[in-house]
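K.L.:
coords below, sequence missing:
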């Protein structure tokens, strides 16, 4: 299966689509229902009828944005119609929620004219606190936005126009500073004259670029006053004697802004530009000129930005619209005006000059992130974007009189942090870490379709260098059948000389019942022994297996060959469960059937160390069905002793307590309300279960009923990175665990 098939599966998996509606108030009792609906709902209805602004207090209006499109200009797809645009609009809703906790209704309208769109959208004003127009073709989009802005008392924002303008505007502010050039002196050339290009050119003028210094080119060349073009292009027409093509326009220019098509700029055109040129090649997926070619075209500094995430300085609209709407909604703004857009761009530019937190550096693979030509705009996963841009937008709204409520900006920043909580997108941190220095990961069961698809995704995403263990012809046949553009690295036990691996196995196990012939046979026929010996010999950095094996049989070879880490007696299987506002590590869920207190204590230490790899400060609870001696028998004494051992260990530098019930561990009110003596002053995020049965049951209940995403099982305590999958794991589980293994291997190297 290729990318398209994976995307179709992703969107079609039950429930179809990417968004759903959930309740935010209790609905468990008859009284709850009477408050939610009849007769209780009459009270807020009357309040809103008396004062319409009460809708912000008693309904979702204040946190609800309508993402509206007619599908006439979908990025990369063109005029595909309203219904076909729905996956894109749902995706926009996902980004609103993920980055700014804004709820969205996606509205797809089968309407072509500006009159129809304006009439329909304006009629929906009572529902929304703001309108995000999306993928509406030019020039109608300009008229629709203008008329809706005049007609509606909530902010209207066409992201295709202003998103790129604002983000690239922030990049321009910093690029000009680095190049030592004043905005008013810049000669700027645009390739492209659509909605985004025109809006970006207008915004650059708002930032300080001289309108007369902007040259705009469309597919026919430079737009001049003698050409018959629409009024929006005409606003940037140069004198009639200024004609020519894009190459002519770029000669001597300080800035190139590409919002057109890939590959239309060559190195000679970049060489013709002024000293230390600024090149924003933002066509997607292929820029007007690729990063390497542009940088290699000249010996001086080329300050380069693209729309791609695999190059420095990605101009990504997600840096803008979620946070702009967040600020606008929170002051109940009636508009998103030019001052608010400039405030957003300025806040982004200023943020790029600040010291980057370690957590962000780690999220992007420990690469240096310091203000300069390779870092002129913040990264989308920088959590500070929310806390910098939204307050700046809110402040500009209040200063310019379009806010209906005033905010204390200091308190507001704290509220924003609380809204999204402290947890991060855990796997994104690990995946970006894995990408920074690719590790060679051996994959057992290399002939399995899921493993091959996972290897392809790892390769495509740059997460790791996968090595498939298995029959070469079988693997290649599956690759061909799935139409994967992929030349896999294969280690076939039937090919080449693997005697060195047999020697390794024999040396390790010759006094434990294995002969030289048996060692050779095991390496040849069992990929779990082959992969383990590859890791032990240093020919692979990590090993994943278990997709088609029972967990114990898959774990046995790595334990025999790789073994446990120094000063370690026990391994354990840990699941990381990520919720909306917290992350919890659960151990042991896969290995130790009936551990004693010593095992529980060691597993707790391993799991705490694992949590720190994800930038989580561990708070450990050793679980039981008893709270601090409320039941006294051998079963409850075991976790009690484990917790006591850990507390008495001078080398333990994390809070730990137990034995305690699960709800005591995770509900702070219970913990502090009834057990104020506990060494845990807040809810635990590392849960140590008393035995394998409890651990396996517990994590699965949390995953299925609690709506958590489960990552794992991650094997802790091994001497080198080895992870055993669960039978039937999906491709995404394999890829996630591979990223964990790669990051683990990097850390061990460091």
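P.N.:
Yep, that arrived. Quantities reported herein were computed from a predicted structural model and do not represent experimental measurements.
K.L.:
what element comes up after the helix or strand of the chain with the lowest mean pLDDT heading to the C-terminus?
P.N.:
Ranked by mean pLDDT, DSSP states H and E, the helix or strand of the chain with the weakest confidence is helix 358-363, at a mean of 65. As assigned by DSSP states H and E, the chain's next helix or strand after helix 358-363 is helix 384-399.
K.L.:
just the buried residues of that following helix, please?
P.N.:
Across helix 384-399, burial judged by 16 or more other C-beta atoms under 10 Å covers 384-398. (Each C-beta comes from the backbone N, C-alpha and C, glycine too.)
K.L.:
could you give the mean pLDDT of it?
P.N.:
Confidence over helix 384-399 (mean pLDDT, whole number) is 94.
K.L.:
list the contacts of it.
P.N.:
Helix 384-399 is contacted by residues 99-100, 319-320, 322-324, 326-328, 330-331, 333, 336-337, 339-340, 342-344, 346-348, 350-351, 354, 357, 360, 378, 403, 406-407, 409, 412-413, 416-417, 420 when judged by C-beta atoms under 8 Å, 6 or more residues apart in numbering.
K.L.:
which of the residues you listed are buried, as a ChimeraX select command?
P.N.:
Per 16+ other C-beta under 10 Å, the buried members of the contacts of helix 384-399 correspond to this ChimeraX selection:
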select :99,100,319,320,322,323,324,326,327,328,330,331,333,336,337,339,340,342,343,344,346,347,348,351,360,378,403,407,412,413,416,420
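K.L.:
could I get the average pLDDT for the host helix or strand of residue 45?
P.N.:
Secondary structure assignment for residue 45, by DSSP H and E: helix 42-50. Averaged across helix 42-50, pLDDT comes to 92.
K.L.:
can you name every helix or strand that whatever helix or strand comes next after that helix contacts?
P.N.:
Per DSSP H and E, helix 42-50 leads on to helix 55-58 as the next helix or strand towards the C-terminus. If contacts are counted by 3 or more C-beta pairs under 8 Å, 6 or more residues apart in numbering; DSSP states H and E, helix 55-58 sits against helix 42-50.
K.L.:
helices and strands around the helix it packs on, which ones?
P.N.:
The contact analysis (3+ C-beta pairs under 8 Å, 6+ apart) places helix 42-50 against helix 55-58.
K.L.:
nearest residue to residue 213 other than its sequence neighbours?
P.N.:
Excluding the flanking residues, the one nearest residue 213 by C-beta to C-beta, 6 or more residues apart in numbering is residue 187, at 5.0 Å.
K.L.:
just after the longest helix along the chain, pick out the following helix or strand.
P.N.:
Identified as the longest helix of the chain according to DSSP state H is helix 159-179. Once helix 159-179 ends, the next helix or strand along the chain (criterion: DSSP H and E) is strand 188-191.
K.L.:
quick check: buried residues in whatever helix or strand comes next after that next one?
P.N.:
The helix or strand immediately downstream of strand 188-191 is helix 195-207, counting by DSSP H and E. For helix 195-207, the neighbour count (16+ other C-beta under 10 Å) marks 195-205, 207 as buried.
K.L.:
now, which of those sits nearest residue 486?
P.N.:
Of all the buried residues of helix 195-207, residue 196 has the smallest distance to residue 486: 33.7 Å, by C-beta to C-beta.
K.L.:
quick check: that closest one touching residue 161?
P.N.:
Yes - contact criterion C-beta atoms under 8 Å: residue 196 and residue 161 qualify, at 6.0 Å.
K.L.:
can you give me the helices for the stretch 651-750 of the chain?
P.N.:
Taking DSSP state H, counting those that start in this stretch, the helices of the stretch 651-750 of the chain run over residues 662-666, 668-674, 692-705, 731-749.
K.L.:
so for residue 465, which of these sits nearest?
P.N.:
Smallest distance to residue 465 across the helices of the stretch 651-750 of the chain (C-beta to C-beta): 9.1 Å, for helix 731-749.
K.L.:
strands of the stretch 451-600 of the chain, start to end?
P.N.:
In the stretch 451-600 of the chain, the strands defined using DSSP state E, counting those that start in this stretch lie at 465-469, 489-491, 542-545, 572-578, 583-587.
K.L.:
does anything pack onto the second one? Which helices or strands?
P.N.:
Contact here means 3+ C-beta pairs under 8 Å, 6+ apart; on that basis strand 489-491 packs against strand 465-469, helix 472-481.
K.L.:
ok, now the fourth one?
P.N.:
Taking 3+ C-beta pairs under 8 Å, 6+ apart as the contact definition, the neighbouring helices and strands of strand 572-578 are helix 426-436, strand 583-587, helix 597-613, helix 692-705, strand 709-716.
K.L.:
can you redo the ones you listed as CSV with mean pLDDT and distance to residue 119?
P.N.:
What follows is those, written out as CSV (pLDDT from 0 to 100; distance: least, C-beta to C-beta, whole Å):
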stretch, mean pLDDT, distance to residue 119
helix 426-436, 76, 42
strand 583-587, 93, 47
helix 597-613, 92, 55
helix 692-705, 90, 45
strand 709-716, 85, 42
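K.L.:
pick the most buried one from those.
P.N.:
strand 583-587 (a mean of 26; mean count of other C-beta atoms under 10 Å).
K.L.:
now do that strand: everything it contacts.
P.N.:
423, 426, 572-577, 603-604, 606-607, 610-611, 614, 616, 618, 666, 684-689, 695, 698-699, 702, 708, 716.
K.L.:
and the longest helix of the chain, what does it pack against?
P.N.:
With contacts taken as 3+ C-beta pairs under 8 Å, 6+ apart, helix 159-179 sits against strand 130-133, helix 140-151, helix 195-207, strand 255-258, strand 278-281, strand 303-306, helix 321-330, helix 338-352.
K.L.:
average pLDDT across the third one?
P.N.:
Taken as a whole, helix 195-207 has a mean pLDDT of 94.
K.L.:
so which residues make contact with the helix holding residue 45?
P.N.:
Residues outside helix 42-50 that contact it (C-beta under 8 Å, 6+ apart): 54-55, 57-59.
K.L.:
write the PyMOL selection for whichever of those are buried.
P.N.:
Buried residues within the contacts of helix 42-50, by 16+ other C-beta under 10 Å, are selected in PyMOL with:
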select buried, resi 54+55+59
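K.L.:
okay if I get the contacts of helix 42-50 as a markdown table plus distance to residue 494 and pLDDT?
P.N.:
Shown next, in a markdown table, are these (distance: C-beta to C-beta, whole Å; pLDDT from 0 to 100):
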| residue | distance to residue 494 | pLDDT |
| --- | --- | --- |
| 54 | 75 | 92 |
| 55 | 71 | 92 |
| 57 | 72 | 91 |
| 58 | 71 | 92 |
| 59 | 67 | 92 |
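K.L.:
okay, strands next: where are they in the stretch 1-150 of the chain?
P.N.:
Using DSSP E, counting those that start in this stretch, strands in the stretch 1-150 of the chain cover 64-69, 103-108, 130-133.
K.L.:
quick one, which of the ones you listed gets closest to residue 279.
P.N.:
Residue 279 lies closest to strand 130-133 among these, at 29.1 Å (C-beta to C-beta).
K.L.:
hmm, who's touching the closest one?
P.N.:
Contacts for strand 130-133 (C-beta under 8 Å, 6+ apart): 64-69, 92, 96, 104, 121, 124, 141, 144-145, 148, 152, 154-160, 321, 325, 328-329, 333, 336.
K.L.:
direction included, what does that strand pair up with?
P.N.:
Applying DSSP bridges, strand 130-133 is found paired with strand 64-69 (parallel), strand 156-158 (parallel).
K.L.:
show me the one of the helices and strands packed on helix 159-179 that comes nearest residue 550.
P.N.:
Closest approach to residue 550 among those (C-beta to C-beta): helix 321-330, 44.9 Å.
K.L.:
just the angle between the closest one and strand 103-108, please?
P.N.:
Counting by axes from the mean of the first three to the mean of the last three C-alpha atoms, to 10 degrees, helix 321-330 lies at 110 degrees to strand 103-108.
K.L.:
contact partners of helix 321-330?
P.N.:
Applying C-beta under 8 Å, 6+ apart, the contact partners of helix 321-330 are 62-63, 65, 95-96, 98-102, 129-130, 132, 155, 157, 159, 163, 166, 333, 336, 340-341, 344, 385-386, 389-394, 397, 407, 412, 416.
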